[in-house]
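1. give me coordinates for this.
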Amino acid sequence: MKSLQSNIGLLMLLFCLTSVTAVSAQERNNEQKEPPTYAKLLEDLDANEDGKLEESEMKGPLKNNFSKIDSDEDGYISEDEFKNAPKPKGKRK
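-> Numbering: from 1, shown residues only. Purely as a prediction, here's the structure:
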């Protein structure tokens, strides 16, 4: 009888721990990422390290919308152009 109660207790404990872990993981996955700063983009994407972001160094939405973001059409995205760039339309909750 004690063995049955011990097994049930262990199963309940395991179930509780599993539930808490699953809820915690879901909360972390729902956190929204902050958009990158211009400095971070320079650090990550400026391949030739000239302090400028040119189209050949871009990827994703920045590359796809380069001509819209490069408002002065000089072939580079400046910090001001980046700040004034149209924001991507994503899912809203």
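
2. domain ranges for this structure?
-> When the chain is parsed into structural domains using automatic domain parsing, the resulting residue ranges are 1-30, 38-83.

3. could you tell me the least trusted of these?
-> The weakest mean pLDDT among the domains of the chain belongs to domain 1-30, with a mean of 65.

4. which residues of the chain fall in strands?
-> Along the chain, counting by DSSP state E, strands occupy 53-54, 76-77.

5. columns mean neighbour count and distance to S6 on top of those strands, output as TSV?
-> The C-beta positions use only the backbone N, C-alpha and C, and glycine is treated the same way. As requested, the strands of the chain are arranged in TSV below (neighbours: other Cβ atoms under 10 Å; distance: least, Cβ to Cβ, whole Å):
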stretch	mean neighbour count	distance to S6
strand 53-54	21	63
strand 76-77	20	65
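
6. quick one: closest of these to K83.
-> strand 76-77 (10.2 Å; Cβ to Cβ).

7. circling back: with distance to L62 added, can I get the strands of the chain in a markdown table?
-> Output for the strands of the chain, formatted as a markdown table (distance: least, Cβ to Cβ, whole Å):
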| stretch | distance to L62 |
| --- | --- |
| strand 53-54 | 8 |
| strand 76-77 | 7 |
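
8. end to end, how far does stretch 45-63 reach?
-> Stretch 45-63 stretches 11 Å from its first residue to its last (Cα to Cα, to the nearest Å).

9. list the buried residues for it?
-> Under the neighbour-count criterion of 16 or more other Cβ atoms under 10 Å, stretch 45-63 has 45, 53-54, 57-58, 62 buried.

10. of those, closest to E79?
-> Looking at the buried residues of stretch 45-63 and their distance to E79, the nearest is L53, at 9.2 Å (Cβ to Cβ).

11. who's in contact with that closest one?
-> Contacts for L53 were tallied using Cβ atoms under 8 Å, 6 or more residues apart in numbering; they are 41-42, 45-46, 62, 76-77, 82.
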